[in-house]
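Chemist: 3D model of this:
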Amino acid sequence: MSKVPLNEVDKHHEDNLKGSFLLVFVIAGIILVMWFGVFYLYVKWTL
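Modeler: You can find the predicted model right below:
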């Protein structure tokens with residue numbers, strides 16, 4: 001069995017999880033900006 005301390009393994013997984021959350025928020029932000037841009041153009045052209 002490996003002698004890696006448990007807290008080092010947990011820290012590695014925690015970093016991966018933080019990166020995943022950041023990626024999800026970045027993608028969601030890009031989608032929202034695109035959606036609001038299309039919505040703005042729709043409102044501008046129809047009104």
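Chemist: just for this protein, where's the confidence low?
Modeler: Within the chain, the segments meeting pLDDT under 70 span 1-13.
Chemist: can you tell me the centre-most residue of it?
Modeler: Centroid-nearest residue in the chain, with C-alpha atoms, centre = their mean: residue 24, separated by 1.9 Å.
Chemist: how close does that residue get to residue 47?
Modeler: 34 Å (C-beta to C-beta, to the nearest Å). Any C-beta I mention is one placed from the backbone N, CA and C, and that applies to glycine too.
Chemist: residue 36 now?
Modeler: In terms of C-beta to C-beta, residue 36 sits 16 Å off from residue 47.
Chemist: more neighbours, those two?
Modeler: Using other C-beta atoms under 10 Å as the criterion, residue 36 and residue 47 rank with residue 36 on top: 10 against 5.
Chemist: and residue 37, how many neighbours?
Modeler: 10.
Chemist: for residue 43, same thing?
Modeler: Residues lying near residue 43 (other C-beta under 10 Å) number 9.
Chemist: and residue 31, by the same measure?
Modeler: 10.
Chemist: show me the contacts for it.
Modeler: Shown here is residue 31, which makes no contacts under the criterion C-beta atoms under 8 Å, 6 or more residues apart in numbering.
Chemist: host element of it?
Modeler: Assigned by DSSP states H and E, residue 31 falls within helix 6-46.
Chemist: chain center to that helix: distance?
Modeler: 3 Å (C-alpha atoms, centre = their mean, to the nearest Å).
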